[in-house]
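Sequence below, structure please.
(one chain, ligands or ions: 2)
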Amino acid sequence: MDNSPVVAQADASLPNDTQENIRIVESAVGSNSPPKEKIGSDFDSRMMLRCLELARRALGRTSPNPLVGAVIVKDGEIVGEGFHPRAGEPHAEVFALRAAGVGGARGATIYVSLEPCNHYGRTPPCSEGLIEAGVAKVVVGMVDPNPLVAGGGIARLRAAGIEVLVGVEEEACHQLNEGFVHRILYKRPLGILKYAMTLDGKIATTSGHSAWVTSQEARSEVHQLRAACDAIIVGGNTVRQDNPYLTTRQVEAHNPLRVVMSRRLNLPASAHLWQTADAPTLVLTQKGANPDFQELLLKQGVEVVELTSLTPDKAMAYLYERGFCSVLWECGGTLAASAIAQGAVQKVLAFIAPKIIGGSIAPTPVGDLGFTTMTEALSLERVRWRVVGSDCLVEGYFPEKPNSQ
Ligand SMILES: Nc1nc(O)c(N)c(N[C@@H]2O[C@H](COP(=O)(O)O)[C@@H](O)[C@H]2O)n1
Ligand SMILES: [Zn+2]
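Ligands and ions are numbered 1, 2, ... in the order given. This next block holds a predicted model:
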């Protein structure tokens, strides 16, 4: 097997502006860069963290746009706040200016978690709105990697004589929008592989029983993670064996699109995914697969899309075209291995339960990658771990391929 495509999207085949933006973002939040010096005062940090809190109110609902929050401060007091609720609606800065009222932002400082835009998209440029409102200072969390902005908003504000401070709580700002950033730079949604396994590396018993490997706390964490994603992908095996719901179990939270990849559509008619309407469901299949079952799905309100070839990369390309920023892989080991091999996974979240199942044929979270030596093993970077309930959550990223020019 050729392992080179693993997280292999940053290459010379990408357009030059994309290459340039990868460099901008890498230099800002590079995985191997040493800890950055703190930018701004403690008050600036507090206001920026408030921006992120506001931005999170739209979690999972803004794609293909980012999550953005804005706070306007005058004479040490917050006079306006806002966040971007969804694509097509005004940007966070506009809501904050509206909340400050006519003249309310004159001479004020606006904090915004992403560089103000400087282009006509679905909405007019915020840079012009801020200039018109007479703000004295703009504090920015991170530069917008969108080639239509990419420093242009900051330059426009400075050219108008406005003081601009960039990089306050930059890492936290980047973290919140890692899906958006990945989408812009690599023209694919960020792929997150999540699994729960025992201490001896099993995701189920030999009979396929897996409810539950982890604690209730870990399962709640997964529900929150789902709420932040645009889609969850599973394969036919997971539908047949686990009959999952793939929802957030939270009334107010966003439920991502549930996506099933199945070449032959040999799926159970009674699966929860098409018997429950708590979240939309999409079945990706191959041209001409099982027309009778397709009809059944359509009657149940399930969307069916036939791709010419059904692979993880093709599925991600399709979801990119639909405007998605982040996709959660909650599949079994075979599909997970294929998704990793095709570069459809950038981030891994592994919940490890202090339990042992034993046996050599119980299923594992990642199937065969064809490796025979430890030197071939894929190492994660930016690794963090913490205890969740009685389990340990390990998370990390596959290294992006060096940006060859
Ligand atoms: N600074 C800022 N605040 C927001 O609230 C935003 N949504 C953005 N988004 C940037 O603008 C692009 C979308 O523009 P339209 O909504 O189509 O007008 C998006 O790709 C970001 O670059 N920025
Ligand atoms: Zn804007």
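
Residue numbers of the protein in contact with ligand 1?
With CB under 6 Å from any ligand atom as the criterion, the chain meets ligand 1 at residues 65-66, 68, 84, 87, 91-93, 112, 114-117, 121-123, 126, 144, 146, 149. C-betas here are computed from N, CA, C, even on glycine.

let's see it at 5 Å
65, 68, 84, 91-92, 114, 116-117, 121-123, 144, 146, 149 (CB under 5 Å from any ligand atom).

Which residue ranges of the protein form helices?
Per DSSP state H, the chain carries helices over the ranges 16-29, 42-55, 92-100, 126-133, 152-159, 170-176, 178-186, 216-227, 236-242, 272-275, 291-299, 312-321, 333-341.

For ligand 2, find the nearest of these.
With CB to the ion, the closest approach to ligand 2 among the helices of the chain belongs to helix 126-133: 3.2 Å.

for the closest one, which positions count as buried?
Cys126, Ser127, Glu128, Gly129, Leu130, Ile131, Ala133 (16 or more other CB atoms under 10 Å).

Select, out of the helices of the chain, the one closest to Tyr397.
helix 178-186 (9.0 Å; CB to CB).

Sort out which of the residues of the chain next to ligand 1 are in strands and list them.
Mapping the residues of the chain next to ligand 1 onto strands (DSSP state E) picks out Leu114.

ok, and of the residues of the chain next to ligand 1, which contact ligand 2?
With the criterion set as CB under 5 Å from the ion, the members of the residues of the chain next to ligand 1 near ligand 2 are His91, Cys117.

just to revisit the earlier point, of the buried residues of helix 126-133, which fall within the contact range of ligand 2?
Restricting the buried residues of helix 126-133 to those touching ligand 2 (CB under 5 Å from the ion) yields Cys126.

Specify which member of the buried residues of helix 126-133 is nearest to Tyr320.
Within those, the smallest distance to Tyr320 is 25.3 Å, found for Cys126 (CB to CB).

Looking at the stretch 251-400 of the chain, which residue is nearest ligand 2?
Ranked by CB to the ion, the top residue of the stretch 251-400 of the chain for proximity to ligand 2 is Cys325, at 17.1 Å.

For the residue nearest to that residue when sequence neighbours are not counted, give me the pLDDT.
In this structure, Cys325 finds its nearest non-sequential neighbour in Gly179, 3.5 Å apart by CB to CB, 6 or more residues apart in numbering. In this model, Gly179 is scored at 98, pLDDT.

Identify the residues contacting Gly179.
Contact analysis of Gly179 by CB atoms under 8 Å, 6 or more residues apart in numbering lists Ser63, Pro189, Leu190, Cys229, Asp230, Cys325, Ser326.
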